[in-house]
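Undergrad: need coordinates for the below:
(chains A and B)
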Amino acid sequence: MRYQNATAYRFLAPYLLIFSIFWLWPIISSFLISFQATRTVPWRFAPTFNWGRLIGDPAFFNALKNTLLILVIQVPVMITLAIVMAVLLNSPLLKARGLFRFAFFAPVVVGEVAYSAVFRLMFNLDYGIINKLLNSVGLPRIDWFSNVTPAMAVIMIAVTWRWAGYNAIILLAGLQSIPQDVYEAATLDRVSKLKQFFYITLPLLKPIIVFCAVLSIIGTMQLFTEPFLITERGGPGGGTETLGLLLYRQGFRSLNFGYASAIAYTMAGLAIAISLVQLWLTREPK
Amino acid sequence: MSSRSSSRRFSARLGRSIALHLFLTPLALIWLFPLWMMVIFSTMPDRGIFSPSIELLPHGNFLDNVNNLQRDTNFIGAIGISVSVAVTYTFLSVLLTSMAGWALARYQFFGKGVVVAIILGTITLPYAVVLIPQFIMVARDFKLANTWVALIVPPLFNSLGVLFMRQSFSMMPGDLFDAARVEGVKEWRIFLFVALPLARPMLAALAIILFLASWNNYLWPLLINSKPGAMTAPVALGTLIGLTKVSWGGIMAGAVMLTVPMLVVFVLLQRHFVAGIAAGAIK
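TA: I've put the predicted structure just below:
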């Protein structure tokens, strides 16, 4: 194929222009800002000002700990649930497939603010439907938002509800791309359905599972709206404050852009590490 | 003999089928529950929401709640902004991403590898990294805070959409475009009048996903358009959550107005929706 530089770049120009202004420059810029003291006018170069503060800041370590805790629990639970949903939705035995698909996929279209409001109301101490239902089966009600552990649980439940179906959609498409004759051969050889799942489905689905896991980790790492709205600015007492929320507080409440940029680059560092793990997990066997 | 083994197979299938539905039905009901409660709450007066009884069926106060919401914040106005922004954004973004996808799918050019690497790289880059400079640039340098431009232009860059369109265009038969070239048709006309019409189902999938992303976008609009008259609907609704003297029936009515139209679109265009989301992973 011959080179058509001029034509190609004419089609790419608007896209690359937006990329350069709103992504490329900001990526560089926030790196530079993280080495500046930004609460003096004019900003001045102070390489250890923000990074030095970061490694000694209990609020940062609290947010990092909370974020990692949510990651480690919520992402595996959600991915497992999404795999279960996808495999069962793909079963030829399933009736009323459309209804089930609707139930699991519908949260995908629900906005963060709308569902945060609903979850906040559902888990209300005195009048929330969850506590009323607990009471009606004889269980004690739970003060969801005054204690850290249940507040964290609400965040994880909410995020799982919102995103499990999204991952199930991707996984289901992956399942449907596995050729059927592999299963037919296995069935003829009297391999049980469960073994087929562990020895055929899971290995063939692995790259897509890893892809879902990485996207989910990066999404959860930036979690902001749920602790902002459901647990009221990371409450109780910072118990659900995430890196995303800390960045918002530092950057846009205290207008401390330098420190917020250092937090942002910490998140980027984590994301890069996770992407490298993904590449390693899905490498072609030699 | 064979009829017995086939009847045994039939009952095994039946057992599996029953187990499947026994497991999946409660799970589906749990999954629908928050949406159901959203609708129920939106039809209840506040004293009903904050009462000790369990209410699981709709009442008749939806319009009162809409009025309450409108009293708390200009939600209808905010919906107007959200709709206009989402429509404009979707149109521009579909155009931009499909042009870029077309270039990547159909031309050989210097620096192609770099462009593809950039697009792949930004998929896993946290948005937090660009957020602060974007804000400083748009608000302070361009002085565009609280405008439509601020809501529409910065989010125009998206990576999964371009990969999706590149995939769509590269699956089309090249002879078609070559035939047009032999006729002397210009490249941009081939793109507009041959390639785009052929890609209509993919464009629909892309448009739905982009519209939804814009409609539900929260963090960026919250930061950049914080003035009451310039807020999008999710931001306006968000300002009410956590206030003490506010109508929760109203908030739920707002949540319903944000969600139910999207659910209807989802039901009507489920295939496009699913294709658009799944395309991110399946290459």
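
Undergrad: quick one: distance of stretch B:254-268 to the chain centre.
TA: 11 Å (CA atoms, centre = their mean, to the nearest Å).

Undergrad: before we move on, what about stretch A:108-118?
TA: 15 Å.

Undergrad: that stretch close to chain B?
TA: Yes - under the criterion of CB under 8 Å from any CB of the partner chain, chain B is reached by stretch A:108-118 at A:V108, A:V109, A:V110, A:G111, A:E112, A:V113, A:A114, A:Y115, A:S116, A:A117, A:V118. Just so you know, the C-beta spots here come from the backbone N, C-alpha and C atoms, and that holds for glycine as well.

Undergrad: number of residues surrounding the first one?
TA: It stands for A:V108. 21 (other CB atoms under 10 Å in any protein chain shown).

Undergrad: so it is in contact with A:N167, correct?
TA: No - A:V108 lies out of contact with A:N167 (CB atoms under 8 Å); the separation is 9.8 Å.

Undergrad: need phi/psi at B:Q108.
TA: Torsion angles at B:Q108 (phi, psi; degrees, to the nearest 10) stand at phi -100, psi 130.

Undergrad: the residues of stretch A:108-118 next to chain B into CSV, with extra columns for secondary structure?
TA: Below are those laid out as CSV (DSSP: H, G, I helix; E, B strand; the rest coil):
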residue, secondary structure
A:V108, helix
A:V109, helix
A:V110, coil
A:G111, coil
A:E112, helix
A:V113, helix
A:A114, helix
A:Y115, helix
A:S116, helix
A:A117, helix
A:V118, helix
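
Undergrad: tell me if stretch B:195-208 is near chain A.
TA: No - Stretch B:195-208 is not in contact with chain A by CB under 8 Å from any CB; minimum separation 9.4 Å.

Undergrad: quick check: buried residues in that stretch?
TA: Buried residues in stretch B:195-208, defined by neighbour count with 16 or more other CB atoms under 10 Å in any protein chain shown: B:A195, B:L196, B:L198, B:A199, B:M202, B:L203, B:A204, B:A205, B:L206, B:A207, B:I208.

Undergrad: going by distance to B:L96, which of these wins?
TA: B:L206 (10.9 Å; CB to CB).

Undergrad: report the contact partners of that closest one.
TA: Going by CB atoms under 8 Å, 6 or more residues apart in numbering or on different chains, B:L206 touches B:V94, B:T97, B:S98, B:G161, B:F164, B:M165, B:G276.

Undergrad: closest one of those to B:T25?
TA: Out of the contacts of B:L206, the member with the shortest distance to B:T25 (by CB to CB) is B:G276, at 28.0 Å.

Undergrad: which strand or helix spans the closest one?
TA: Take DSSP states H and E as the rule and B:G276 turns out to sit in helix B:270-278.

Undergrad: give me the mean pLDDT for that helix.
TA: The average pLDDT within helix B:270-278 is 83.

Undergrad: ditto for stretch A:232-239
TA: In this model, stretch A:232-239 has a mean pLDDT of 90.

Undergrad: ok, and does that stretch reach over to chain B?
TA: Yes - shown here: stretch A:232-239 in contact with chain B (CB under 8 Å from any CB) through A:E232.

Undergrad: first to last residue in that stretch, what's the distance?
TA: The straight-line separation of the ends of stretch A:232-239 (CA to CA, to the nearest Å) is 11 Å.

Undergrad: before we move on, the earlier item: nearest to chain A, of the contacts of B:L206?
TA: Chain A lies nearest to B:T97 out of those, by CB to the nearest CB, at 7.0 Å.

Undergrad: for stretch A:194-209, which positions count as buried?
TA: Of the residues in stretch A:194-209, A:I200, A:T201, A:L205, A:P207, A:I208, A:I209 count as buried by neighbour count, 16+ other CB under 10 Å.

Undergrad: not counting sequence-adjacent ones, nearest residue to A:A268?
TA: B:V129 (4.8 Å; CB to CB, 6 or more residues apart in numbering or on different chains).

Undergrad: who's in contact with the one you found?
TA: Here B:V129 is in contact with A:P26, A:I27, A:S30, A:A264, A:Y265, A:M267, A:A268 (CB under 8 Å, 6+ apart).

Undergrad: please report the distance of the fourth one from B:P261.
TA: What that stands for is A:A264. For A:A264, the distance to B:P261 equals 34 Å [CB to CB, to the nearest Å].

Undergrad: please say which of the two ends up with more neighbours.
TA: The residue with more neighbours, out of A:A264 and B:P261, is A:A264; 31 against 14, by other CB under 10 Å.

Undergrad: okay, and the more buried one sits in which element?
TA: Using DSSP H and E, A:A264 falls in helix A:257-281.

Undergrad: packing partners of that helix?
TA: With contacts defined as 3 or more CB pairs under 8 Å, 6 or more residues apart in numbering or on different chains; DSSP states H and E, helix A:257-281 has these neighbours: helix A:25-33, helix A:49-55, helix A:202-221, helix A:243-248, helix B:128-135.

Undergrad: by neighbour count, which of the contacts of B:V129 wins?
TA: A:A264 (31 neighbours).

Undergrad: enumerate every residue touching the nearest residue in space to it that is not next to it in sequence.
TA: Excluding its sequence neighbours, the residue lying closest to A:A264 (CB to CB, 6+ apart) is B:A128, at 4.2 Å. Contact analysis of B:A128 by CB under 8 Å, 6+ apart lists A:Q222, A:L243, A:G244, A:L247, A:I263, A:A264, A:M267, A:A268.

Undergrad: give me the number of residues near the closest residue to chain B within the stretch 151-286 of chain A?
TA: Closest contact between the stretch 151-286 of chain A and chain B, by CB to the nearest CB, is at A:A173 (3.5 Å). By the criterion of other CB under 10 Å, A:A173 has 19 neighbours.

Undergrad: got the confidence number for it?
TA: For A:A173, the model assigns a pLDDT of 91.

Undergrad: swap in B:E55?
TA: 85.

Undergrad: rewinding a little: quick check: the residue of the stretch 151-286 of chain A closest to chain B vs A:I209, distance?
TA: A:A173 is 13 Å from A:I209, by CB to CB.

Undergrad: what's the answer for A:W280, then?
TA: Distance from A:W280 to A:I209, by CB to CB: 15 Å.

Undergrad: please name the nearest non-neighbouring residue to A:I169.
TA: B:I277 (4.8 Å).

Undergrad: isn't the one you found right up against A:Y166?
TA: Yes - applying CB under 8 Å as the test, B:I277 and A:Y166 come out as touching, 6.5 Å apart.
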